[in-house]
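Peer 1: Here is the input, now give the coordinates:
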Amino acid sequence: QVQLVESGGGLVQPGGSLRLSCAASGIIFSTNVMGWYRRAPGKQRELVASISTGSNTNYADSVKGRFTISRDNAKNTVYLQMNSLRPEDTAVYYCNALSQRFSGYVPLHSWGQGTQVTVSS
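Peer 2: Numbers count the residues shown, from 1 in each chain. Have a look, this model is predicted:
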């Protein structure tokens, strides 16, 4: 059974930083593209960062230059370092393994509980 457990969220002031972690089990982690999604209040879930099995990364324009995704295959964990946080980054953040379709990446598994990130002064 696949489990995705996100952690590291919290309340931070604008301009601050957080590091999210996602521990995966039940999958062969090293063979999976991994991604971080977020869902802001009243909005659809969006993919903000992805990392390939070879550690190539891609980012949504809204987070490019501020967020960094990384992975540790020995720990079956994917990270999201978030710097220069803005109020519009407020959302629940989720990770998932990804499958590439013609239209782009799609999530492979059921969602974990996510971790809440709130950026506010």
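
Peer 1: how about the strands in the protein?
Peer 2: Assigned by DSSP state E, the strands in the chain fall at 3-7, 10-12, 18-25, 33-39, 46-51, 57-59, 67-72, 77-82, 91-101, 104-107, 115-119.

Peer 1: what's next to the fourth one, contact-wise?
Peer 2: Read that as strand 33-39. 20, 22, 24, 45-53, 67, 69, 71, 78, 80, 89, 91-100, 105, 107, 114, 117 (C-beta atoms under 8 Å, 6 or more residues apart in numbering). (C-beta placed from N, C-alpha, C; glycine too.)

Peer 1: can we see that at 7 Å?
Peer 2: With C-beta atoms under 7 Å, 6 or more residues apart in numbering as the test, strand 33-39 has contacts from 45-53, 69, 71, 78, 80, 91-98, 105.

Peer 1: Give me the buried subset of the residues you listed.
Peer 2: Listed as buried from the contacts of strand 33-39 are 45, 47-51, 69, 71, 78, 80, 91-98, 105; burial here means 16 or more other C-beta atoms under 10 Å.

Peer 1: So Thr68 versus Thr57, what's the distance?
Peer 2: 8 Å (C-beta to C-beta, to the nearest Å).

Peer 1: Show me which of those two is the more surrounded one.
Peer 2: Thr68 (16 against 13; other C-beta atoms under 10 Å).

Peer 1: Leaving out the residues flanking it, which one is nearest to the more buried one?
Peer 2: Gln81 (4.4 Å; C-beta to C-beta, 6 or more residues apart in numbering).
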